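Chemist: Would you be able to build a 3D model of this:
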Amino acid sequence: MLNNKNICVLGAGVSGLSTASFLSDSGYPVHIITKDDPRTATLHPEFSSLFPAASIIPHTVNSNKLRDLFRLSKDRFGKLHDKQFPGVTINRHYELYSHPRSVPAYAKTMDHFEVFDDFKHEFHPDHPEYPAVAGWRYSAYFADWPLYFSALIRNTLEKIEGFEIKTLSPDDIRELPYDIIINCTEIGSLNLFEDSSEQILHRGHLLNLPGIPAIRDPQGKVVSYNFSPGKEVYRSENGIEQDVYCYSRQDGLVLGGSRQKGTLDSHGKWVGEESQDPVIAVDNLKLPAQILELHSAILNHSFECKLPPKSKMRSKVGYRFTRSHENGLRLETEETGDKLVIHNYGHGGAGVTLSWGCAHRVTELLKEATN
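Modeler: Predicted coordinates:
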């Protein structure tokens, strides 16, 4: 029987914890081994689960399974919301552009989806100098990260069989006393397992504004937004269009973003796109000035919200591991010696969004491989 097998999840980020939790709920005994203890981890950019925004929207990942995985995740977040799981809320989310834009493929998967022409004469977040001419809005689940991740950690650790903090090498994998390994180590997979993908990372910057109340529309609904002002206003070093985003949390506003492409050298140092002038320094971190400038104008113009001085802000930088442009998500089985390995990594910026859908698929792969 499968539930007599020894099952180990590698990694205790959002993917590892969600997968371990789902497997446990399905009746399987699970252990977790992780390099970083999520209860005490410091802000290291490679531990991407410390940094998500975290909207439940199928952005920034490529997979031919995306629609099905997102549907499963969305259903699970809906159930968590109904059960009042800590931190799971619903936002009215806007994606707005100062230039024409096609409707995204995921439009039909979002609740209450409307295109810009349907609401352009109503309230919407807007920039006074670069007004929106295209976009859409919809209802989206959102994970207030400090609340949600803490609750996920507690909930998962209460139900699993064992939890171990340990740094592994490729040789250690073969010696682990488990029949089945679920690999959720994201960027750590590059060292632990063979991966011939492009191995793309995207670096993102975040600003936390403690104490700022949630931004709301005239009806009192909590609002979040992404805004793209166009390449001529904000682009990466290689000329890729960038956007900014804003989310409300219980502890203040979270502002992003940047999406700088690169990789890590053998010493773990960033090699890739850098922030281009103009840059600003916040909390001893240099980041694109457009993040602060664009948000300041939108928040003041649309919500009469003035940003605090930079000395009151906190900044972070994290990596999103995307693997490759085409079908970057790795969700498949592999035989390694006498062990079955199921890979679940390469989520890009959609680790939270796809967390429960991928956990569901891992469970299916486990059943298919062992029946």
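Chemist: For the protein, just list every one of the helices.
Modeler: 14-25, 66-82, 116-119, 145-159, 170-175, 189-192, 289-303, 355-370 (DSSP state H).
Chemist: Can you spell out which helices and strands pack onto the fifth one?
Modeler: The one in question is helix 170-175. helix 189-192, strand 339-345 (3 or more C-beta pairs under 8 Å, 6 or more residues apart in numbering; DSSP states H and E). C-beta here means a position set from N, CA and C on the backbone, and glycine is covered the same way.
Chemist: and the longest one, what does it pack onto?
Modeler: Identification of packing neighbours for strand 339-345 by 3+ C-beta pairs under 8 Å, 6+ apart yields helix 14-25, helix 170-175, strand 180-183, strand 330-336, helix 355-370.
Chemist: So what touches the shortest one?
Modeler: Translated: strand 180-183. 5-11, 16, 19-20, 23, 173, 189, 192-193, 336, 339-345, 362, 366, 370 (C-beta atoms under 8 Å, 6 or more residues apart in numbering).
Chemist: G337 - nearest residue in space that isn't next to it in sequence?
Modeler: R174 (5.4 Å; C-beta to C-beta, 6 or more residues apart in numbering).
Chemist: scratch that, R76 is what I was asking about
Modeler: Nearest residue to R76, sequence neighbours excluded (C-beta to C-beta, 6+ apart): W356, at 3.7 Å.
Chemist: shouldn't that neighbour be in contact with F77?
Modeler: Yes. W356 lies in contact with F77 (C-beta atoms under 8 Å); the separation is 6.9 Å.
Chemist: hang on, the earlier thing: same list (the helices of the chain) but as a markdown table, adding mean pLDDT and distance to Y225.
Modeler: As requested, the helices of the chain are arranged in a markdown table below (pLDDT from 0 to 100; distance: least, C-beta to C-beta, whole Å):
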| stretch | mean pLDDT | distance to Y225 |
| --- | --- | --- |
| helix 14-25 | 97 | 23 |
| helix 66-82 | 95 | 20 |
| helix 116-119 | 98 | 13 |
| helix 145-159 | 95 | 18 |
| helix 170-175 | 91 | 43 |
| helix 189-192 | 88 | 33 |
| helix 289-303 | 97 | 7 |
| helix 355-370 | 95 | 23 |
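Chemist: Now tabulate those helices in CSV and tack on mean neighbour count and distance to D251.
Modeler: Output for these, formatted as CSV (neighbours: other C-beta atoms under 10 Å; distance: least, C-beta to C-beta, whole Å):
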stretch, mean neighbour count, distance to D251
helix 14-25, 25, 19
helix 66-82, 18, 20
helix 116-119, 14, 30
helix 145-159, 17, 6
helix 170-175, 11, 38
helix 189-192, 18, 32
helix 289-303, 19, 17
helix 355-370, 20, 22
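Chemist: rewinding a little: of the helices and strands packed on helix 170-175, which is nearest E122?
Modeler: strand 339-345 (40.7 Å; C-beta to C-beta).
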